[in-house]
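In: Requesting a structural model of the entry that follows:
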Amino acid sequence: MTKIIHKWEIEQRRDIKRLRTELEKNPQSPELHLELGKALLRVFSPDMRKEGIQHIEKSIRLKPEFAEAIELLANMIMEENPVRGSRLAKKAATIYTAKGEDKRADRILNYAAMHYVYDGWEFLDAHDPVTAKKKAQRALNIYPYSVDARNILASIHMDRFEFKDAERIYNEAISDAIAQQGGKIKIEGISYWGETDTRPYMRARHGLGLCYINLGRFQDALKEFETLLDLNPDDNQGIRFLLADVYFYLGDKKGAEKYYKKYGGAYNYALFLFSTGERTAAINLLKESIKTESFIAILLKAYLKMFEFWKGRGIYKAGEAPPMRMHCNAAINAWNENIGFEKDYITSRNLESAYDYCNLFGPLWLREDGSYMFLLEGMNAAE
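Out: Residues are numbered from 1 along each chain as shown. Next up is the predicted model:
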């Protein structure tokens, strides 16, 4: 079979041949070693990659302050040797800073930090907050203004119900992101979320909005969500689905109704209908919601049952916002009671989503008198 050689491949080979010839004439040129290294790396061959890195290293030996070569080498080896890659990134950044190229220095350090950030998110997703925290701290050691590294730390505090600490760190992340945008909340002409560099900033605002809900600061949460929708009207984060819930929390039933009718709301919309006296519609919607997402009903039942017990003991009054200690205990108890349902990846994710729902919206159900019996009625109807 005849191998098809693309035009770009012919051009690459010609370029490599030319650079080899020039290096034979001038073997001590750091610039030629760098250019040949770049050309070899573009071939996407393991052998060529190895030789390409060797030429880049040679260029640095010939010119120790060759920032462009140091930066490229840092990027190439970061995956296999993050410690050395980070050290080289810092060195390149120092050289660029001395030249007055601060933005380029920031970009290099941020890129190096993101290697640890990606690992941090993976460990957090795997329920290893200790290692996730170490990765985030390592990222901040490389680049103190890493927005996503702070997002990881704030997320860990959120999982621990340490909402004031989470609020502080999310605000730090947002301040860093705004500083990187020249002090502006929004830069016109940028595709927020579409451009991946903007996503850490948007994750920070989303996280802060959720944090404000947990703190009972619903007006502040609404402000964050409105800002996100202004940044990204396409709403890749699903912020629009939270608007009705925040209005419901605020007691603005007209606002809640507007957005529930527009975007739906499953469990929370059913609770809203129950609160407005539309019992038949509420039960029907709750029944369908339970059939679709049954784990939410299971964990929510366990969560609300704890407060029914505390009401009977006279230590909780119906309709009140739950003290944080009680909320934490009820949410964790709901999780522990039902962890046995975890059988595979799908059930694990469904349980986590149900836990997150109880954590965020359990207090909303507690505000409505009779919500526990309403839930039980819906569960019976769904059987």
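
In: mind showing which ranges of the protein have poor pLDDT?
Out: In the predicted model, the chain carries pLDDT under 70 at residues 1-6.

In: can you rerun that using 80?
Out: 1-10, 44 (pLDDT under 80).

In: remind me, longest helix of it?
Out: helix 102-125 (DSSP state H).

In: if I look at the residue nearest the centre of the chain, how far off is P233?
Out: For the chain, the residue nearest the mean C-alpha position is R203 (5.2 Å; Cα atoms, centre = their mean). Applying Cβ to Cβ, to the nearest Å, one obtains 18 Å for the distance of R203 from P233. To be clear about C-beta, it is placed using only N, CA and C from the backbone, and glycine gets the same treatment.

In: ok, how many other residues are close to E65?
Out: E65 sits with 13 neighbouring residues when counted by other Cβ atoms under 10 Å.

In: could you measure it against E24, distance?
Out: E65 sits 26 Å away from E24, going by Cβ to Cβ.

In: Over to D356?
Out: For D356, the distance to E24 (Cβ to Cβ) stands at 63 Å.

In: Show me which of these two is the more surrounded one.
Out: D356 (16 against 9).

In: Give me the distance between the more buried one and V83.
Out: Using Cβ to Cβ, D356 is found at 35 Å from V83.

In: now Y269
Out: Y269 is 51 Å from V83, by Cβ to Cβ.

In: The two - which one has more neighbours?
Out: When Y269 and V83 are compared for neighbours, Y269 comes out ahead with 24 against 10, by other Cβ under 10 Å.

In: Phi, psi for E195 please.
Out: phi -90, psi 120 (degrees, to the nearest 10).

In: Any idea how many residues pack against it?
Out: Count around E195 with other Cβ under 10 Å applied: 9.

In: Over to L299?
Out: L299 has 26 nearby residues by other Cβ under 10 Å.

In: State whether it is indeed within a strand.
Out: No: L299 is assigned helix when assessed by DSSP: H, G, I helix; E, B strand; the rest coil, not a strand.

In: dump the residue contacts of it.
Out: The contact partners of L299, taken as Cβ atoms under 8 Å, 6 or more residues apart in numbering, are A334, W335, N338, L351, A354, Y355, Y357, C358.

In: Count the residues that sit near the first one.
Out: Under the neighbour criterion other Cβ under 10 Å, A334 is assigned a count of 24.

In: do the second one as well
Out: For W335, the tally of surrounding residues (other Cβ under 10 Å) stands at 18.

In: ok, the closest residue to it other than its chain neighbours - contacts?
Out: With sequence-adjacent residues excluded and distances taken as Cβ to Cβ, 6 or more residues apart in numbering, W335 is closest to Y355, at 5.1 Å. Under the criterion of Cβ under 8 Å, 6+ apart, the neighbours of Y355 are L299, A331, A334, W335.

In: repeat that with 10 Å
Out: D159, F295, I296, L299, Y303, A331, I332, A334, W335, N338, I339 (Cβ atoms under 10 Å, 6 or more residues apart in numbering).

In: pretty sure the residue nearest to the centre of the chain is touching T196, no?
Out: No: in this structure R203 lies outside contact range of T196 using Cβ atoms under 10 Å: 11.3 Å.

In: tell me what the one helix or strand E172 maps to is packed against?
Out: Assessed by DSSP states H and E, E172 sits inside helix 163-180. On a contact count with 3 or more Cβ pairs under 10 Å, 6 or more residues apart in numbering; DSSP states H and E, helix 163-180 meets helix 102-125, helix 147-159, helix 199-214, helix 218-231.

In: buried ones in the first one?
Out: The neighbour-count check on helix 102-125 (16 or more other Cβ atoms under 10 Å) flags 104-117, 119-121, 123-124 as buried.

In: packing partners for whichever helix or strand comes after it?
Out: Moving toward the C-terminus from helix 102-125, the next helix or strand (DSSP H and E) is helix 129-142. If you count contacts as 3+ Cβ pairs under 10 Å, 6+ apart, helix 129-142 packs onto helix 82-98, helix 102-125, helix 147-159.

In: Switch the ones you listed over to CSV; also include distance to E35.
Out: Formatted as CSV, the helices and strands packed on helix 129-142 follow (distance: least, Cβ to Cβ, whole Å):
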stretch, distance to E35
helix 82-98, 18
helix 102-125, 19
helix 147-159, 33
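
In: right, so of those, which gets closest to G182?
Out: Closest to G182 of the helices and strands packed on helix 129-142 is helix 102-125 (Cβ to Cβ; 10.7 Å).

In: who are the neighbours of the helix or strand harbouring E9, in terms of helices and strands?
Out: Assigning secondary structure by DSSP H and E places E9 in helix 7-25. Packed against helix 7-25 by the contact rule (3+ Cβ pairs under 10 Å, 6+ apart) you find helix 30-41, helix 46-62.

In: Tell me the buried residues in the first one?
Out: Read it as helix 30-41. Within helix 30-41, judged by 16+ other Cβ under 10 Å, the buried ones are P30, L32, H33, L34, E35, L36, G37, K38, A39, L40, L41.
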